Structures are given as structure tokens and as C-alpha cells.
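# When you get a sec, could you give me coordinates for this:
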Amino acid sequence: MAQLLILTPAANEDVLPALSLLTHRVRVIPASPDQLVRAPEADLVFLDARTNLAGAKALAQILRTTGLSVPLILVVTEGGLTAVSSDWGIDDVILEHAGPAEIDARIRLALGRAQAAQPAERIQTSGVVIDEASYSAKVHGRTLDLTYKEFELLRFLAAHPSRVFTREQLLSEVWGYDYFGGTRTVDVHVRRLRAKLGDLDSLIGTVRNVGYRFNVHEEDEQDANVTAR
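Numbers count the residues shown, from 1 in each chain. Next up, the predicted model:
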């Protein structure tokens, strides 16, 4: 599930109607300088270019030159495709009437490309060291023998310390939009992960009737962080 921001000159219109069929969190704000200054954080930005191609191009270039670091996808009509070129500074383009499967695929691909372009991260907190570059995790220097999904689950929870995630959210974030298994899958992987963490099994906390979270040790709370290699 991603946090999406839509910039549009027509704030009362559905820029991508099929987007409402997906589970992503969406904010829509006017495409004006005063609104951009107070724009909320987002994982990806959609820029509405359906009615004003020249204005959208100028805004896209401004966003890039002022440091926009997340993927920028242009929403256009069929006729608008002919005007789009590489100097717009966008990451992708999508037609306004695209279906939910296409929209979700483009979001996942754009976020995946952006993540791949970033340096691998090293998460170190509460005795656990997670190295994304080597896909390895250690507890007090001892290497954990984790499956791919166990590693991804640990990495995701540790990257969001103390934040509670429902089983449905974990399925979406770790297993992906196209996974059709039930939420019991999350419980099984949490149980296996706790067993492999040994004495630190309490790091994966259960919030009754809600879901799971990564418990940061009290002495590490101030120092737990994610540092780029």
C-alpha cells in the first residue's frame, strides 16, 4: 500500500477513476505553488496533464529542479501522448481511463525502480543488524537462516519500529498486491521468525485484535535508525 499524491487543476474531478478500486492511500491537492509548499509526503506523485499540457510540463520541470525525489507519473488523454518527451522530467505516463490492474502495475514498477536506484540500507536496532545489500540478518553477531519472505517481513517491521501493522497491511506490503493467500500466512511467518530470533523473539510484538509491530528495546529507542551505506 503506497501513499499517493495527485496534483490537478481540477480538484473536484476523478483524475484516475479506477484508482478508487485499489487500496492505496490517495490525497488530491490543487496544482498551485502555494499548495505545493504544504504538500503532504508521498511515495509517488500523479500529475494531471489532461487539460493543460504546457502548464503540466512547466510544473513537472519545477518539481524536479526543486528536489522531488519520488516517482512522478503524468496523467494524459490519448491526444496528449504526442506532446510528452524526455525533457518533461517524468518517470512514466498513463492514460486517464487506465484500469486498476494497469495503474497498480505502473505504481509498483515505478516504486521498484526508485528503490533499486537507492543505495542499499543497513538497519541496526535492538541487537538486530539487517543488511539489504547482502540480504542477511544477524542477532548479536549470529547470522539468521531466513527464507526470503522471513527476511522481508523482518526488514519491513524493523524499518518501522513501534508502528502497528494489521495482517492485511503486512500481506500487501511484504507479499504484494497479487498474493491470494489468507492472513494466516502472516501468523505462520511471524511464528517461524520468532523461533529463529531466539532470546529476542519478543522483538516481534503482538497487538491483540490488531496485528504486529517491531518492539524497540527501551535503551535503544533513541538510537534506533536506518543508515545508508
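# Dihedrals phi and psi, residue 129?
Here is the backbone geometry of residue 129 (degrees, to the nearest 10): phi -120, psi 120.
# other SSEs contacting the longest helix that the chain contains?
Scanning the chain for the helix with the most residues, using DSSP state H, yields helix 100-117. On a contact count with 3 or more CB pairs under 8 Å, 6 or more residues apart in numbering; DSSP states H and E, helix 100-117 meets strand 44-48, strand 72-76, strand 92-95. Where you see a C-beta, it was placed from the backbone N, CA and C, and this is true even at glycine.
# change it to 6 Å
The contact analysis (3 or more CB pairs under 6 Å, 6 or more residues apart in numbering; DSSP states H and E) places helix 100-117 against strand 92-95.
# in the strand it packs on, what's buried?
Under the neighbour-count criterion of 16 or more other CB atoms under 10 Å, strand 92-95 has 93-95 buried.
# domain assignment for the protein?
3-117, 122-227 (the TED database).
# just flag whichever of these has the lowest average confidence.
Mean pLDDT values for the domains of the chain show the minimum at domain 122-227, a mean of 84.
# what's the burial count for residue 165?
Residue 165 is flanked by 22 other residues according to other CB atoms under 10 Å.
# which residues touch it?
The contact partners of residue 165, by CB atoms under 6 Å, 6 or more residues apart in numbering, come to residue 211.
# Distance of it relative to residue 193?
From residue 165 over to residue 193 the distance is 14 Å, taken as CB to CB, to the nearest Å.
# again, but for residue 30
Applying CB to CB to residue 30 and residue 193 gives a distance of 44 Å.
# Comparing those two, which residue is more hemmed in?
A direct count of neighbours by other CB under 10 Å for residue 30 and residue 193 places residue 193 higher, at 23 against 13.
# Where does that one sit: helix, strand or coil?
Taking DSSP: H, G, I helix; E, B strand; the rest coil as the rule, one finds residue 193 in the helix state.
# Ok, the one 4 residues further on next?
Using three-state DSSP, the secondary structure recorded for residue 197 is helix.
# Keeping just the C-alphas, turn stretch 88-95 into CSV.
Taking C-alpha atoms only, stretch 88-95 is exported to CSV below (Å, rounded to 0.1, in the frame of the first residue of the first chain):
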residue,chain,number,x,y,z
TRP,A,88,9.4,16.7,-19.0
GLY,A,89,11.4,15.0,-16.2
ILE,A,90,8.7,12.4,-15.6
ASP,A,91,9.1,8.7,-14.8
ASP,A,92,6.1,7.4,-16.6
VAL,A,93,2.9,8.3,-18.3
ILE,A,94,-0.6,6.8,-18.0
LEU,A,95,-3.9,7.4,-19.8
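# thinking again about what came up before, Serialize the buried residues of strand 92-95 to a markdown table and add fields for distance to residue 84.
As requested, those are exported to a markdown table (distance: CB to CB, whole Å):
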| residue | distance to residue 84 |
| --- | --- |
| 93 | 6 |
| 94 | 11 |
| 95 | 11 |
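# Out of the residues you listed, the closest to residue 73 would be?
Of all those, residue 73 sits closest to residue 94, with 5.8 Å by CB to CB.
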